[in-house]
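1. When you get a sec, could you give me coordinates for this:
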Amino acid sequence: DLDSAAPRGRPMEALLTRVVLRLRKLIHEQSERTSELIAHPPAIRARAVSEPVVERSKVIREGWCMKESDHLKVWRRRWLVLTRQKLCTFKTDDKAYSQPTSSIDMSNAICSATSSTTIVVRELRNKGSAQENAQKVYSIRFADGIECRAWLAVLHEVIMAQDAPRANVVSRAWESLYHTSE
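-> Next up, the predicted model:
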């Protein structure tokens, strides 16, 4: 008991005594936990090899780009992979496709060109409704306008195949590429 161990009439000594007793109790509890862990260690699992998030046979287009990071807004070199279902970025081009740095569901995506070398792809919540808003935004920059237009054409095809009612919005975004300055 903390109060019975404290000297009477000396508040500072009483406080210090309570602190010391509490620390001893915590150290004892921690020591018991450590002993238990040593006696019965948790099972150590081998790190499972990640399954690919993209099947190689379903890749429509892939290549290097610069992607703007979500929070720091710095441009990073990424391997961009497009399938009918996803647009993913990876740190390397090793074709394992197992650890994307990010991905967008193409069934909820729209895209537009912001310059002759930059595309913005947005994944929307509630696509097609009055409450539609962007959930994820990719800003992707390519080495040149030719590469950018090629990616935009393929993205345009994938989005149109996913969502015919939104085709007019995508078409306007596609046309905007030809009306931007370098």
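2. Which elements pack onto the longest helix belonging to the chain?
-> Criterion DSSP state H: the longest helix present in the chain is helix 11-39. Applying 3 or more CB pairs under 8 Å, 6 or more residues apart in numbering; DSSP states H and E, one finds that helix 11-39 contacts helix 2-5. Just so you know, the C-beta spots here come from the backbone N, C-alpha and C atoms, and that holds for glycine as well.
3. If we go by neighbour counts, what in the helix or strand residue 160 falls within is buried?
-> Secondary structure assigned from DSSP states H and E places residue 160 in helix 145-162. Within helix 145-162, the residues scored as buried using 16 or more other CB atoms under 10 Å are 145, 148, 149, 151, 152, 155, 156, 157, 158, 159, 162.
4. pLDDT (mean, whole number) over stretch 114-126?
-> Stretch 114-126 carries an average pLDDT of 90.
5. same thing with stretch 149-160?
-> Mean predicted lDDT for stretch 149-160 stands at 94.
6. before we move on, what about stretch 34-41?
-> pLDDT averaged over stretch 34-41 gives 69.
7. what pairs with residue 82 across the strands?
-> residue 61, residue 87 (DSSP bridges).
8. Which pLDDT value belongs to it?
-> The model's pLDDT for residue 82 equals 96.
9. How about residue 56?
-> Value listed for residue 56 in the pLDDT field: 89.
10. dump the residue contacts of it.
-> Taking CB atoms under 8 Å, 6 or more residues apart in numbering as the contact definition, residue 56 lies against 95, 97.
11. and residue 21, how many neighbours?
-> Residues lying near residue 21 (other CB atoms under 10 Å) number 14.
12. where does the residue positioned nearest the centre of the chain land on pLDDT?
-> The centre of the chain sits closest to residue 102, judged by CA atoms, centre = their mean, with a distance of 4.5 Å. Residue 102 is assigned a predicted lDDT (pLDDT) of 91.
13. That one contacts residue 137, correct?
-> No - checked against CB atoms under 8 Å, the pair residue 102 and residue 137 is beyond contact range at 10.4 Å.
14. which residues do those two both contact?
-> With CB under 8 Å, 6+ apart as the test, residue 102 and residue 137 both reach residue 70.
15. what's the burial count for residue 36?
-> That count, for residue 36 with other CB under 10 Å as the rule, works out to 10.
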